[in-house]
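Novice: Okay, structure incoming, though there's no sequence with it:
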């Protein structure tokens, strides 16, 4: 039976703002991991991705297996990477890498995203990250998705705000991708990647109109396709909404499989 989280409707408040207010009220803990251990699972990997809503560059996923005792990470304020500052994320990234039993990162590039769509590319990045773990997990805790892996899986909506393992994967993936965007900014300074990290900000949209997309832009995303001087008439224009919201249902909750 699924536990559902509804985004409250508040007069005068946008759905995005209401969602952020709701997420801030959630408690990130090891309760999901403890529940799985109660059912006999011992090597639990948290899995998450970042960059799904960006217009530029790869989608990046991380898989992290944390030790049973997570008090230090909890005290440091580990939670959804989007709710942390860059300084907080990078400090937590260093600590997670130090205490994790193992972790892995995987990227799926823009060309592949255009070929198989962003939903499948996100699932592929997560699968690759899990397959690169040096210690095989016996259960996967995944933020909002299932992947094509034989391991038993729990799909946890808002997982990066509820599970310390998923939050750890979120932090590692975001720190990795943000660093990559700063490096790519040196090669493509006209887009301002160091500030917006490839997302659809007004600054990025204006740069697309002024300069057109480069080879690392996702050509099937609507703002990029609209700025492309030579668009592919067969390209499918993806509907771009806020990062992390794609393909999520109105009623969101927890599902287990395996």
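Specialist: Structure received. Because the structure is a prediction, the values reported are computed rather than measured.

Novice: just for the stretch 151-258 of the chain, where's the confidence low?
Specialist: Applying pLDDT under 70 to the stretch 151-258 of the chain flags residues 229-258.

Novice: Does residue 190 touch residue 212 like I think?
Specialist: No - using C-beta atoms under 8 Å, residue 190 is not in contact with residue 212; the gap is 9.7 Å. Any C-beta I mention is one placed from the backbone N, CA and C, and that applies to glycine too.

Novice: Which residues are in contact with each of these two?
Specialist: Residues touching both residue 190 and residue 212 (C-beta atoms under 8 Å, 6 or more residues apart in numbering): none.

Novice: For residue 92, what is the enclosing helix or strand?
Specialist: helix 86-99 (DSSP states H and E).

Novice: Identify each buried residue in that helix, please.
Specialist: 88, 89, 90, 91, 92, 93, 95, 96 (16 or more other C-beta atoms under 10 Å).

Novice: Which elements pack onto that helix?
Specialist: Packing partners of helix 86-99 (3 or more C-beta pairs under 8 Å, 6 or more residues apart in numbering; DSSP states H and E): helix 71-75, helix 164-187.

Novice: now the helices for the stretch 151-258 of the chain?
Specialist: For the stretch 151-258 of the chain, helices defined by DSSP state H, counting those that start in this stretch occupy the ranges 159-162, 164-187, 193-196, 202-211, 222-227.

Novice: so what does the fourth one touch, helix or strand wise?
Specialist: Counting contacts by 3+ C-beta pairs under 8 Å, 6+ apart, helix 202-211 is packed against helix 193-196, helix 222-227.

Novice: so can I have JSON lines of those helices showing distance to residue 157 and mean neighbour count?
Specialist: Putting those into JSON lines (distance: least, C-beta to C-beta, whole Å; neighbours: other C-beta atoms under 10 Å) gives the following:
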{"stretch": "helix 193-196", "distance to residue 157": "26", "mean neighbour count": "18"}
{"stretch": "helix 222-227", "distance to residue 157": "25", "mean neighbour count": "19"}
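
Novice: Now tabulate those helices in JSON lines and tack on distance to residue 80.
Specialist: What follows is the helices and strands packed on helix 202-211, written out as JSON lines (distance: least, C-beta to C-beta, whole Å):
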{"stretch": "helix 193-196", "distance to residue 80": "19"}
{"stretch": "helix 222-227", "distance to residue 80": "25"}
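
Novice: Go through the ones you listed and name the closest to residue 149.
Specialist: When the helices and strands packed on helix 202-211 are compared by C-beta to C-beta, helix 222-227 sits nearest residue 149, at 30.7 Å.

Novice: Next one: the closest residue to residue 144 other than its chain neighbours from residue 219, what distance?
Specialist: In space, and not counting its chain neighbours, residue 144 is closest to residue 157: 5.3 Å by C-beta to C-beta, 6 or more residues apart in numbering. Going from residue 157 to residue 219 by C-beta to C-beta, to the nearest Å gives 30 Å.
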